[in-house]
Structure formats: structure tokens, C-alpha cells
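Chemist: Okay, sequence plus prediction incoming.
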Amino acid sequence: MRSLYNSFIIAVSIYSRIPMPKVEWSQKNMKYTLCFFPVIGVVIGALFYAWGRICMACGFGQVCFALFGTVIPIAVTGGVHLDGFMDTADALHSSEKKEKKLAILKDPYVGAFGVIALVGYCFLYGAGLTQIWQTEHLLLLALSFVISRSLSGMALVWFQGAKKEGVLYTFAAAAQKQTVRVVLVLVLGGCFICLILLSPVIGAVMALASMWVWTYYYYMSKNQFGGITGELAGYFLSLCELSSVLVIGFMGRVM
């Protein structure tokens, strides 16, 4: 039970800016860390839902909801996933070989393609949020943050790593893989069922879109980098959440 608690503390402290007590990063304490990765998604989803309800109650416009909403995941996570998104965008647009692309991922300086990709991402994300207003759609959006983190955690214990160093490798190596796989598959399956119950058509498209991005993540990371890294994990998570926002926003308006 103590190792479960410590795994929870490590997961929340690493993947969010939520203050947590310090615990030792031992293999015993990190065995189940990835099982708690979706908890961050629950926090972000709850904040989004609460913010949406506040906007409805106070009569705030959709632009206000979208602009503040775009900042919510960044505020909770500290922008760690978008950092990986920008690094990956720089590497993918470099047209270099695998070794050079991996070096670009670790470059502390941001390149032009990373900035361009981030600006485009924020515009698309905000545009999708301006179309989300109904309570049902807010619940779908809340679930999307849990889905993206469940798939990201599953990738860490199923996909090949590009290198045997870094935070991602540390978590993957220490993980009790069978337990992590079972927990995350159950969480993902539960989220997909909730999507369908809330909105059969939009929910189904959301599930398909997230799995398509996950599949793209597997083949892109393998072909372009020789496996996944922490930066690529951030890239995937950002794209997965963007796909959900766009599906909910625009399908919710036309249906």
C-alpha cells in the first residue's frame, strides 16, 4: 500500500505542478507510477468542466471560455508536454537522420519550426474550444484528458524506446508492466464506454481519432527516431488532446 501511495505522489509531482510531498525515486516506489498518470487528466478535466459551468452561469462568452481554457492544461502541467511537442516539431522538420533528430530533441534552444507549430496548435485548440459549450460536450472534453494519458502510459510499456536513458526510460524500466497494462486498458475502456453513452456518434469518432493518433505515434517514432522518448510522448499527448477538441467542437456544432 505504501508503494502505491508513493507511486501516486511521484506521478502527480512529475507530470503536474500540483504541490506534493517528496518521496524517493526508487524502483519500488515507481512500480505503479504510470497507473496514476490518468489522474492528472481527471484534474484537468474537472477544471475544464468547472470553468465551462462558470461561464454558463455568469454569461461569459465562448471566446473567454476558449482563451482561458487553452491555458488550463498548461497551468496544471507546467507546459511539459508542449515542450516535447515543440522539440519534436523541430526534429521532424529538420530532415536529418535519426541520430541528429534525437540530438535536436535534447537541444535546450527552441527552433523556428517549434514556435510555428506551437502557434498553429494554440490557434486550432482555441478554435475548437470556441465551439464547445453544452454540458454533454464538456463531459466529453473532460474524458479526453484521461484518454490521452492512458494511451501515453500504455505506449511507455508497449512501444520500443529510442534510448536507454532519460525520465521516460526510468519510468518504463521501473514499471510493473503487466499491472500497468491491465490498469490503463481498463481505464481506457471505461472512458470509451462513457464516450459512447454520452454521445454515440461523437464519442465513437473521438475514440477512433485518439487510436489513430496513437497508431501514428507508434510508426512515426519508430521510423523517424528508432523509438519513443519523453519529448515524443509530449508530442503524442498534445496531438491526441487536439484531435478530441476539434472532434467535439466541430462535430458538436454540425450535429
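Modeler: Ah, there it is. Since this is a predicted model, take the numbers as computed values, not measurements.
Chemist: From now on I want contacts and neighbour counts done on CA atoms only, so please keep to that.
Modeler: Noted.
Chemist: in what helix or strand does the closest residue to Gly111 other than its chain neighbours lie?
Modeler: Nearest non-adjacent residue to Gly111, counting by C-alpha to C-alpha, 6 or more residues apart in numbering: Asp90, 6.0 Å away. For Asp90, the element it lies in under DSSP states H and E is helix 80-92.
Chemist: Output the following helix or strand past that helix as PDB, restricted to C-alpha atoms.
Modeler: Using DSSP H and E, the helix or strand that follows helix 80-92 in sequence is helix 98-106. Output of helix 98-106 as PDB, limited to C-alpha atoms (Å, rounded to 0.1, in the frame of the first residue of the first chain):
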ATOM      1  CA  LYS A  98      17.800   9.600 -36.700                       C
ATOM      2  CA  GLU A  99      20.800  10.400 -34.600                       C
ATOM      3  CA  LYS A 100      20.700  14.100 -35.500                       C
ATOM      4  CA  LYS A 101      16.900  14.200 -34.800                       C
ATOM      5  CA  LEU A 102      17.500  12.700 -31.400                       C
ATOM      6  CA  ALA A 103      20.100  15.300 -30.700                       C
ATOM      7  CA  ILE A 104      17.600  18.100 -31.700                       C
ATOM      8  CA  LEU A 105      15.100  16.700 -29.200                       C
ATOM      9  CA  LYS A 106      17.600  17.400 -26.400                       C
END
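Chemist: Helix 98-106: how far from the chain's middle?
Modeler: With C-alpha atoms, centre = their mean, to the nearest Å as the basis, helix 98-106 stands 22 Å off its chain's centre.
Chemist: Show me what the helix or strand following that helix is packed against.
Modeler: Next along the chain after helix 98-106, taking DSSP H and E as the criterion, comes helix 112-129. If you count contacts as 3 or more C-alpha pairs under 8 Å, 6 or more residues apart in numbering; DSSP states H and E, helix 112-129 packs onto helix 62-77, helix 80-92, helix 230-254.
Chemist: For helix 112-129, could you pull out the residues that count as buried?
Modeler: Under the neighbour-count criterion of 16 or more other C-alpha atoms under 10 Å, helix 112-129 has Phe113, Gly114, Ala117, Leu118, Tyr121, Tyr125, Gly126, Ala127, Gly128, Leu129 buried.
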